[in-house]
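**Q** Quick one, what's the 3D model for this:
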Amino acid sequence: TVAETTSKVNRSSSPSELKITDMRYALTKVMGGTAIIRIDTNQGIYGLGEVRDAADVRYALMLKARILGQNPCNVEKIFKSIKQFGGPSRQAGGVCAVEMALWDLCGKAYNVPAWQLLGGRYRDKIRLYADTPEASSPEEQQRLINFRVKDQGYTWLKMDVSIGELKGIPGTVVNGKFWEDSKGNLNQWGDQRNYMSYGNTAHPFTQIQITEKGLEHLQQVVENVRNMVGYEIPISTDHYGHFDLNNGIRLAKALDKYRLAWFEDMIPWQHTEQWRTISDAIETPTTTGEDIHYLENFKPLIHNRSVDIVHPDLASSGGLLETKRIADYAEEFGIAMAMHQAGTPVSFMANVHCAAATQNFLA
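**A** Modelled structure (predicted):
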């Protein structure tokens, strides 16, 4: 009989008979309260997923009734049925958390890693990048960089090159005072109490400009870090401030000589044509994508060759399989992929498996 001939087969479960029975969550302290979800099954195995960057866990919980009773190994089918409930940035957190948990479950059911389910691996080591630590003195910053590189083993770093560095330096920014908060800061993270604040105003609409004196100061900031790090280690940049593409191009040209790895999110990702203008005007690679959800919203950037590198956050872009699809699609156009991640070990390991299975991955 079939039962007799398969009685000694070593398997972790009966995948074809799996059913989702529950979804629960736990709040961590990561990023101010990032939720980890657990999807349970009728066979005692479970999968873990993460709701990105302290987004509301209800983005995931509202999907519970839509997945109960389904076989978690039908990952793509379930994803297609729930993707309509995701949106840009953290709004996709619930859909992506469920997708992560389903791959975790599927891997446990078949006793194989997620990268194998995604088609196999291109690499068995994943390169990571980390922020370059800021410090009050050059000596302290050098010590922190040495810790990142020599002690922690990072081979790729990222740093902020923000007009916030110009605070209190006269003649460096045009129209900055108008946008400062009560503490005299250009707070680019937004103010929920003031919709018209600097952080809530899109880059093309602030009319902030950087003067030549300001550019020279930011050049010195980057030069100091480059001299500490050397040229063997790539340095990416981010968080410049809210100003238009013209000033973005001026800043990028001023920093081109330092051979930076990329300029990230200089303007909102939706401005596809403006991204193409920036990319055509400068020598340093450009990237965006951490708030884009699903392949269809990456396609305009890829088709138009608006950026040199796509930069999805797996916890917003659709999870493991959708992120691999984004990378594979970009690869056809000669565009590389870097991955954005800021969260718990759950999304970290999801990124590791996706990166292992993707050829055009950078870091």
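
**Q** in the stretch 201-350 of the chain, which spans are helices?
**A** 212-229, 245-255, 272-281, 295-303, 314-317, 320-332, 345-356 (DSSP state H, counting those that start in this stretch).

**Q** so which of those helices is the most packed in?
**A** Among those, the stretch with the highest mean neighbour count (mean count of other Cβ atoms under 10 Å) is helix 314-317, at a mean of 30. (Glycine included, C-beta is placed from N, CA and C.)

**Q** May I have that one as PDB, with CA atoms only?
**A** Taking C-alpha atoms only, helix 314-317 is exported to PDB below (Å, rounded to 0.1, in the frame of the first residue of the first chain):
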ATOM      1  CA  LEU A 314      11.100  43.400   1.200                       C
ATOM      2  CA  ALA A 315       8.600  44.300   4.000                       C
ATOM      3  CA  SER A 316       6.900  46.800   1.600                       C
ATOM      4  CA  SER A 317       7.700  45.600  -1.900                       C
END
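
**Q** Quick one: the helices of the stretch 201-350 of the chain as a markdown table, columns for distance to residue 176 and mean pLDDT too.
**A** What follows is the helices of the stretch 201-350 of the chain, written out as a markdown table (distance: least, Cβ to Cβ, whole Å; pLDDT from 0 to 100):
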| stretch | distance to residue 176 | mean pLDDT |
| --- | --- | --- |
| helix 212-229 | 9 | 96 |
| helix 245-255 | 12 | 98 |
| helix 272-281 | 22 | 98 |
| helix 295-303 | 30 | 97 |
| helix 314-317 | 31 | 98 |
| helix 320-332 | 36 | 98 |
| helix 345-356 | 36 | 98 |
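
**Q** Now distance to residue 183 too, for those helices, in TSV please.
**A** Shown next, in TSV, are these (distance: least, Cβ to Cβ, whole Å):
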stretch	distance to residue 183
helix 212-229	20
helix 245-255	24
helix 272-281	31
helix 295-303	35
helix 314-317	30
helix 320-332	38
helix 345-356	32
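
**Q** Could you say which one of those helices comes nearest to residue 24?
**A** helix 345-356 (14.0 Å; Cβ to Cβ).

**Q** Distance from the chain centre to the closest one, please.
**A** 12 Å (Cα atoms, centre = their mean, to the nearest Å).

**Q** For residue 169, list the residues it contacts.
**A** Counting by Cβ atoms under 8 Å, 6 or more residues apart in numbering, residue 169 touches 213-214, 217.

**Q** Break the chain into its domains for me.
**A** Listed domain ranges for the chain are 12-112, 130-356 (source: automatic domain parsing).

**Q** Could you export those domains as CSV, including distance to residue 122?
**A** Formatted as CSV, the domains of the chain follow (distance: least, Cβ to Cβ, whole Å):
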stretch, distance to residue 122
domain 12-112, 17
domain 130-356, 7
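
**Q** What separation do you get for the nearest residue to residue 299 once chain neighbours are set aside and residue 298?
**A** Among residues not flanking residue 299 along the chain, residue 329 sits closest, at 7.2 Å (Cβ to Cβ, 6 or more residues apart in numbering). From residue 329 across to residue 298, the span is 7 Å (Cβ to Cβ, to the nearest Å).
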